[in-house]
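In: take a look and give me a structure for this.
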Amino acid sequence: MMLDMAKYFSENPMKYSIAFIAFGGEEAGLVGSKHYVYNPTASFPLSKTKFVFNMDLMGSGEAGATIVNSTVYPDYFKRLEQINDEKGYLTRLKKRGKAANSDHYFFSENGVPSFFIYLMGDYKHYHVPSDNAQNLKLDSNYNNAFKLIRDFIIELNK
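Out: So this is what the prediction gives:
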């Protein structure tokens, strides 16, 4: 998903810069994202970061998506929900509150509005050896999740 987003936005540049960062050490305690938040690059300081959209667990989607921090940032969630309702991308956007369960956490704890999206459905291979390309169904649900996130990013760039 991140590579697809990077390709799209490199071919369709926005008014504001978009950074794509793959953090390491999430399962070991959000090590990479925590380090970045407390040692941001000069090119992308936290003070100039408008929003962080953390994408993880993107292998399904037939049951919609959960948006962590949607209750923390209700105005942003409303914008995401409006896009989804207008375009009919995913069957459901489930609200979830604050959670220290992925790389968005230290950003939001340090004043950067952040969502963590994960897709819901019957994909049973997360965090096991069978979590591989052969078992991923990058079908219309994946494509619609891509479009939802893309459209939200475009909206934020206005």
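In: just the mean pLDDT for stretch 10-20, thanks.
Out: For stretch 10-20, mean pLDDT is 92.
In: what does it contact?
Out: Met2, Met5, Ala6, Phe9, Ser43, Phe44, Lys50, Ile153, Ile154, Asn157, Lys158 (CB atoms under 8 Å, 6 or more residues apart in numbering). Placement of C-beta: from N, CA and C, glycine included.
In: which of those lies closest to Lys87?
Out: Of all those, Ile154 has the smallest distance to Lys87: 12.1 Å, by CB to CB.
In: tell me which helix or strand the closest one sits in.
Out: Secondary structure assignment for Ile154, by DSSP states H and E: helix 140-156.
In: which strands and helices lie in contact with that helix?
Out: Using 3 or more CB pairs under 8 Å, 6 or more residues apart in numbering; DSSP states H and E, the elements in contact with helix 140-156 are helix 2-11, strand 52-55, helix 74-87, strand 114-119.
In: now, of these, which is deepest in the fold?
Out: Highest mean neighbour count of these: strand 114-119, a mean of 24 (counted as mean count of other CB atoms under 10 Å).
In: so which of the contacts of stretch 10-20 comes closest to Pro113?
Out: Lys50 (7.5 Å).
In: of all the helices and strands packed on helix 140-156, which one is nearest Ser130?
Out: Nearest of the helices and strands packed on helix 140-156 (CB to CB): strand 114-119, 17.2 Å.
In: ok, the closest one: who's next to it in the sheet?
Out: Strand 114-119 has the following sheet partners, assigned by DSSP bridges: strand 52-55 (parallel), strand 65-68 (antiparallel).
In: quick one: the closest residue in space to Tyr73 that isn't next to it in sequence and Asn135, what's the gap?
Out: Leaving aside its sequence neighbours, Tyr73 sits nearest to Pro113 (CB to CB, 6 or more residues apart in numbering; 5.0 Å). Distance of Pro113 to Asn135, given as CB to CB, to the nearest Å: 33 Å.
In: I'm done for today, thanks for sticking with me.
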